[in-house]
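Enquirer: Sharing a sequence plus its predicted fold:
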Amino acid sequence: MDDSGLSLFLEPWDWAVCILVLFGSIAVGLYLALRSRRQETSDAFFLAGRTLLWPVVGASLYATNIGAEHLVGLSGDAYRYGLKAGTVELTTALCLGFACAVLLPYYLKNKVFTIPEFLELRYSPSARLCFSGLMLVICIMTKMAFTLYAGALVLHSLTGWDVMQVVWVLGLIAAAVTILGGFAAVAYTDTIQAAIIIVGAAVMTLVGLDKIGGWSGLAAAVPARVHIAGPLDDPHYPFWGVIAGAIYGGVFYWGIDQVNVQRALGARNLDQARWGAMFAVLLKLTPVFIFALPGVIAYALDPSLEGEQSKQTFVWLLNYLCPPGVRGLVLASLLAAMISSLLAMMNSISTMSVRDFMLRMRPKTSESAQVLLGRVAIAVATVLGVAAAYLISRTPKGLYEYLQSVSIYLVMPVTPAIVFGILSRRVSQAGATASVLVGVGLSALCLVDLGLPGDWGEKVFPFLHQTLTYNYTYRGLWGTLIITAVLFGVSYSTRPSPPEKLERTTVRWSDLAEPFRGLTDWRLHLAVLAAVTVGLYYWLW
């Protein structure tokens with residue numbers, strides 16, 4: 001297939017369906033947000049007044065997680081490497097289960113706006129500022145940039161529009177919705193668009209399975225690519241490396257990352273937050289089938305895509321699997337995924353910018369001024385995200401793999417200090433500081449190696465290119481173990497934190513043994529979802 005096969009225009013019927021579905025969902029989300037707003041306070045703008053119910057919390061968690069890197073990046077990586085590219089998508093039960101049991105109760109008990117705010121309660125004001133700064137970098141340089149670029153790449157391939165011009169337009173649309181409606185608009189729009197994402201991608205998957213002769217036909221055509229377990233020395237997606245990655249990277253993502261946790265912080269109470277998290281776990285059983293599986297189907301139908309073309313597997317799927325009308329719906333699901341993720345990022349960026357930085361400089365800032373500053377922060381973040389998207393456009397790696405590796409390297413330094421800071425009263429501020437400094441050095445080493453061209457990394461850092469240190473999942477595992485050892489080593493050799501700091505910020509283990517509440521108990525829901533997850537892994541092994 002030549003390049004022209006990846007640059008078809010959509011038919012008018014596709015555009016009509018896409019625009020109607022996409023902008024209709026945004027309009028409904030804005031309407032619900034503006035109707036529910038009683039007054040423009042910081043609590044309402046940043047956390048929807050802490051009134052969200054579990055369906056909205058869960059759907060918003062899912063929509064926030066599913067960005068263009070899933071539809072575009074995951075399908076492209078599945079085309080190249082098989083279904084194992086989606087291994088991490090089934091680890092959510094483990095990560096959100098831990099968050100519900102250990103992390104969320106302490107966030108909600110302290111009524112924090114941001115996770116950095118919680119770190120100030122546990123450690124110090126400097127810990128809050130450092131972590132908030134890191135999260136702002138992660139949100140803008142990885143999450144926002146990848147989402148903007150991946151979505152623009154597809155629209156460029158379909159229409160010929162300039163990639164960076166599309167990035168600007170998409171960024172401005174998302175910024176306008178967030179500025180107008182605040183977090184309530186984000187949450188309600190996410191809820192609607194989660195349904196659009198699932199329906200659109202599921203239709204494409206079913207059409208593809210029909211063309212290839214069902215699951216049995218796909219397994220017969222590409223038997224090596226329908227298994228989810230990559231070998232131990234797999235350079236891209238080793239199964240046990242990915243599972244280990246869920247322990248440190250996934251717990252951070254679902255339980256500490258401000259963009260995701262903000263959905264739970266906006267819940268009416270802890271029960272609603274936990275039920276919403278379990279709903280998100282249920283929805284997260286779908287990506288391996290509706291995002292990764294289509295990439296495998298595309299390979300089975302046409303294994304000729306190479307290089308840059310393989311990055312555009314999603315475009316191939318649109319062009320060759322979706323009839324008119326359906327193509328517009330699937331494209332709407334891509335744009336919905338991208339806009340939902342951008343809305344979440346922009347709202348979290350504005351929340352951290354105002355609550356963690358601006359209020360520290362001017363603690364008596366009025367409620368209306370906080371909202372105004374939040375809107376200004378969204379505008380600035382949009383400009384920075386567009387600039388970062390330009391840098392992402394120059395990477396030679398697959399979008400999904402590159403995003404996963406960069407994210408793990410960036411969060412590795414701080415994850416142990418936060419998780420064990422809640423789990424252990426013996427962890428001290430000195431231990432946390434030392435562990436973060438060591439972690440920054442390890443992460444910098446990995447990021448430098450990632451950025452070196454060709455085989456320069458193997459020449460400069462040969463110890464990073466062995467079987468169990470080459471893949472980013474293994475590097476993250478070893479790095480996390482080293483950082484954790486430093487955390488406890490320094491903590492046990494220095495003075496512990498004051499008891500008054502620990503009372504509201506660390507686990508009281510007796511509190512975890514809550515009475516069983518029957519069918520409404522979130523732990524029962526987690527057990528069922530975990531069993532389904534293990535069953536899926538076994539089936540796809």
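Expert: Looks like it came in fine. Numbering: from 1, shown residues only.

Enquirer: Can you list the residue ranges for strands in the stretch 1-150 of the chain?
Expert: Counting by DSSP state E, counting those that start in this stretch, no segments of the stretch 1-150 of the chain form strands.

Enquirer: wait, doesn't Asp449 sit right on Val460?
Expert: Yes - using CB atoms under 8 Å, Asp449 is in contact with Val460, at 7.4 Å. In short, each C-beta sits where N, CA and C put it, glycine included.

Enquirer: So these two - more neighbours on which side?
Expert: In this view Asp449 and Val460 are compared by other CB atoms under 10 Å, and Asp449 has more residues nearby, 19 against 12.

Enquirer: and the more buried one, that one's in a strand?
Expert: No - counting by DSSP: H, G, I helix; E, B strand; the rest coil, Asp449 is not found in a strand; it is helix.

Enquirer: And it, how far from Pro499?
Expert: Counting by CB to CB, to the nearest Å, the gap from Asp449 to Pro499 is 43 Å.

Enquirer: ok, which stretches of the stretch 51-200 of the chain are helices?
Expert: Taking DSSP state H, counting those that start in this stretch as the test, the helices found in the stretch 51-200 of the chain are 54-65, 68, 75-81, 92-98, 104-109, 115-122, 125-138, 145-159, 163-212.

Enquirer: Determine which of those helices shows the lowest mean per-residue pLDDT.
Expert: Between those, the lowest average pLDDT goes to helix 68, which shows a mean of 66.

Enquirer: Next, the contact list for the nearest residue to Trp316 once chain neighbours are set aside, please.
Expert: Nearest residue to Trp316, sequence neighbours excluded (CB to CB, 6 or more residues apart in numbering): Ala298, at 5.4 Å. Listed by CB atoms under 8 Å, 6 or more residues apart in numbering, the contact set of Ala298 reads Ser75, Tyr79, Gly208, Leu305, Thr313, Trp316, Leu317, Tyr320, Leu321.

Enquirer: thought the fifth one was touching Gly76?
Expert: In this case it means Thr313. Yes - counting by CB under 8 Å, Thr313 does reach Gly76; the two are 4.5 Å apart.

Enquirer: Show me the common contact partners of those two, please.
Expert: What both Thr313 and Gly76 touch, as defined by CB under 8 Å, 6+ apart, is the set Gly295.

Enquirer: List the residue ranges of the stretch 401-541 of the chain that fall below the pLDDT cut-off.
Expert: 401-404, 451, 453-454, 457 (pLDDT under 70).

Enquirer: which residue ranges form the helices in it?
Expert: Under DSSP H, counting those that start in this stretch, the stretch 401-541 of the chain gives helices at 415-423, 429-451, 456-460, 472-492, 499-502, 522-540.

Enquirer: Throw those into JSON lines and include distance to Ala176, thanks.
Expert: Listed next are those as JSON lines, based on distance: least, CB to CB, whole Å:
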{"stretch": "helix 415-423", "distance to Ala176": "33"}
{"stretch": "helix 429-451", "distance to Ala176": "33"}
{"stretch": "helix 456-460", "distance to Ala176": "41"}
{"stretch": "helix 472-492", "distance to Ala176": "35"}
{"stretch": "helix 499-502", "distance to Ala176": "41"}
{"stretch": "helix 522-540", "distance to Ala176": "36"}
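
Enquirer: Contacts only, for the nearest residue to Pro105 once chain neighbours are set aside.
Expert: Closest residue in space to Pro105, ignoring its immediate chain neighbours: Leu270 at 6.0 Å, by CB to CB, 6+ apart. Contacts for Leu270 were tallied using CB under 8 Å, 6+ apart; they are Leu104, Pro105, Leu108.

Enquirer: gap between Leu270 and Ala277?
Expert: 10 Å.

Enquirer: hey, what's in contact with both of the two?
Expert: With CB under 8 Å, 6+ apart as the test, Leu270 and Ala277 both reach Leu104.

Enquirer: need the contact list for the nearest residue in space to Gly489 that is not next to it in sequence.
Expert: In this structure, Gly489 finds its nearest non-sequential neighbour in Gly431, 7.5 Å apart by CB to CB, 6+ apart. Residues counted as contacts of Gly431 (CB under 8 Å, 6+ apart) are Ala417, Val486, Leu487, Phe488, Gly489, Val490, Ser491, Tyr492, Thr494.
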